[in-house]
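Novice: mind looking at a prediction? Sequence and model below.
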Amino acid sequence: MTSFIVRRILVSVLILIAASFIMYMLAAYSGDPLKDLRGSNAPNIDQLIAARTAALHLDVPPPARWFIWIGGAAGCLIPFANTCNLGLSVTNASVTSLLPAAMASTVQLVTVALVVAVLLGVVVGIATALRQHSGFDFSITFISFFLFSLPSFLIAVLLKEFVAIGFNNFLQKDPRIGIGALIAIAVVSGLIWQVFIGGDLRRRLTVFAVSAVATGGVLGFLSATNWFVNPGLGPIGIVLLIAATVAATVGVLAGLRSRRSLLIGSAVGALGVISYFALQGVLQNPSLGLVIGLALVAILVGCLVGYAFGGYDRGQAMRIGAIVAFFSGAFVLLDRFMQAWPSYVNHPRINGRPIATVGSETPGFTGDFWQVSLDSFTHLLLPTIALLLISFAGYTRYARAGLLEVMNQDYIRTARAKGLPERVVIVRHALRNMLIPIATLVATDVGALLGGAVITESVFAIPGMGQLFNASLKRVDLNPIMGYFLVIASMAILFNFLADLAYAALDPRVRVK
């Protein structure tokens, strides 16, 4: 393992050096960084040109200039060197000061999109593979190809028009759903669910009726109680959501017939309900560190409950306890965010239109932890959805194809012949091997997304890595371009290396040598 890591590091360094030279030459010969000054009418234009030439070493040929850049960049990759120097931009700003702010905006944007896309895509892909050639499978396949074929700028524009502007107008005029719209939404919901569930005609009609009535009833209740203006889960909502989480978690991991697992999940869920009442004062205006600390404590308590009462299968019990604890805490936080929604919407800087279409924050906005977090959420909601929809399509197809291939292997047939339940065959035998191609895809996507969604960031005016690269490329600002390259190339190499290690963890047949 040690020799493998050393070899990979040495090869990665050589690849990074060679790629940086090629990138530097392409960028250096792509245009003139003095073009804006040559067309200027400033009286001191000669002094400005001379100053920029000296600051950026433009009097040195590009191949020799690359050695100057690589000497400063080497300090950025050596731990504790404290000699990182990526040069200056054409505006005399240090590149090392530009990159952290751009990276923070990009990481904030893509993290949620990537995590949700992977989880949702894998779950939906598994469901379609298990119901191959069903109405649900055909529907998800159609939706996946449709989303995959849509250009990102079109998704962004549609989200701006129909989600942001439409929802803001809905809140400002009269946040109630009319009878006609309510019936139409209920009918569409029924049609969608009957396609997903499938079955014979009787089953489809039953699913259509139940889902249409349920959708219409819930939306009618929310509209009548003015929930869109004053949202909240409340104790009843918290209890129902935690109970559903317990049932789903235990059903997937252990089966609802496992009384021990059901009791463990119920005990952790009960602690979550108690915490809803106990933490109201603590969560009045917390810090981010306190929220993260409470989340870690909740997961730890869930693991301890599972370990204490797990019996012969403590590992599974701890997973059930941790998952239920995590989602119970998430529901408590979600309710607290909902309680802060009215004060955020009525803030003078928001003026009743909370869903933003540009930027990563509202200029001049001040408030408590919940209001500031809601401001970040409403600004990142649309670009996150845009990235999520595109990534979701790819993960769904990979997960479906991977599981179908694994389910035809000999060891799966052997597990079934031994009489193992289908849930155990899928979760414990097929799932891990199915995740191997997903690990490769995630590693590639992390590097690409950290590079910034150039189009999405441009449409939503988010000052991330993509915007930095795009603006620098237009004005032939070489040092920010190379700073962008250094970050993206390093992340791509790192996550591909982690993917190689993940293969051995997912499949014991794979050995890293």
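Specialist: Arrived safely. In this text, all values refer to a predicted model and were calculated from it rather than measured experimentally.

Novice: V372: how many residues sit nearby?
Specialist: The number of residues packed near V372 is 17, by other C-beta atoms under 10 Å. Every residue, glycine included, has its C-beta placed from N, CA and C.

Novice: nearest spatial neighbour of it, skipping sequence neighbours?
Specialist: Spatial nearest neighbour of V372, excluding adjacent residues (C-beta to C-beta, 6 or more residues apart in numbering): F365 at 7.4 Å.

Novice: please report how far the one you found lies from G265.
Specialist: 40 Å (C-beta to C-beta, to the nearest Å).

Novice: higher neighbour count, those two?
Specialist: A direct count of neighbours by other C-beta under 10 Å for F365 and G265 places G265 higher, at 31 against 17.

Novice: need the phi and psi values for the more buried one.
Specialist: Main-chain torsions, G265, degrees, to the nearest 10: phi -60, psi -40.

Novice: once you drop chain neighbours, what's closest to it?
Specialist: Among residues not flanking G265 along the chain, V246 sits closest, at 4.0 Å (C-beta to C-beta, 6+ apart).

Novice: quick one: neighbours of the one you found, just the number.
Specialist: Per other C-beta under 10 Å, the neighbour tally for V246 reads 27.

Novice: cool, the one 3 residues further on as well?
Specialist: T249: 24 surrounding residues under other C-beta under 10 Å.

Novice: about what we covered before: give me the secondary structure label for the residue nearest to V372.
Specialist: Secondary structure, DSSP: H, G, I helix; E, B strand; the rest coil: F365 is coil.

Novice: thought it was touching S376?
Specialist: No - with contact defined as C-beta atoms under 8 Å, F365 does not count as touching S376 (9.9 Å).

Novice: hang on, the earlier thing: can you pull the pLDDT of the residue nearest to G265?
Specialist: Reading off the confidence values, V246 has pLDDT 92.

Novice: need phi/psi at it.
Specialist: Torsion angles at V246 (phi, psi; degrees, to the nearest 10) stand at phi -60, psi -50.

Novice: show me what contacts it?
Specialist: Applying C-beta atoms under 8 Å, 6 or more residues apart in numbering, one finds that V246 lies in contact with L262, G265, S266, V268, G269, V324.

Novice: switch the cut-off to 7 Å
Specialist: V246 sits next to G265, S266, G269, V324 when contact means C-beta atoms under 7 Å, 6 or more residues apart in numbering.

Novice: farthest pair in the residues you listed?
Specialist: Largest separation among these by C-beta to C-beta: S266 and V324, giving 8.6 Å.

Novice: of those two, who's got more company?
Specialist: The neighbour comparison of S266 against V324 (other C-beta under 10 Å) goes to V324, with 30 against 16.

Novice: now do the SS call for the residue lying closest to the more buried one once chain neighbours are set aside.
Specialist: Distances taken as C-beta to C-beta, 6+ apart place V268 nearest to V324, at 4.4 Å, with adjacent residues excluded. At V268, secondary structure determined by three-state DSSP is helix.

Novice: count the neighbours of V268 for me.
Specialist: Look at V268: counted by other C-beta under 10 Å, it has 29 neighbours.

Novice: next one, pLDDT for it please.
Specialist: For V268, pLDDT reads 93.

Novice: that one touches A325, doesn't it?
Specialist: Yes - applying C-beta atoms under 7 Å, one finds V268 in contact with A325, separated by 5.2 Å.
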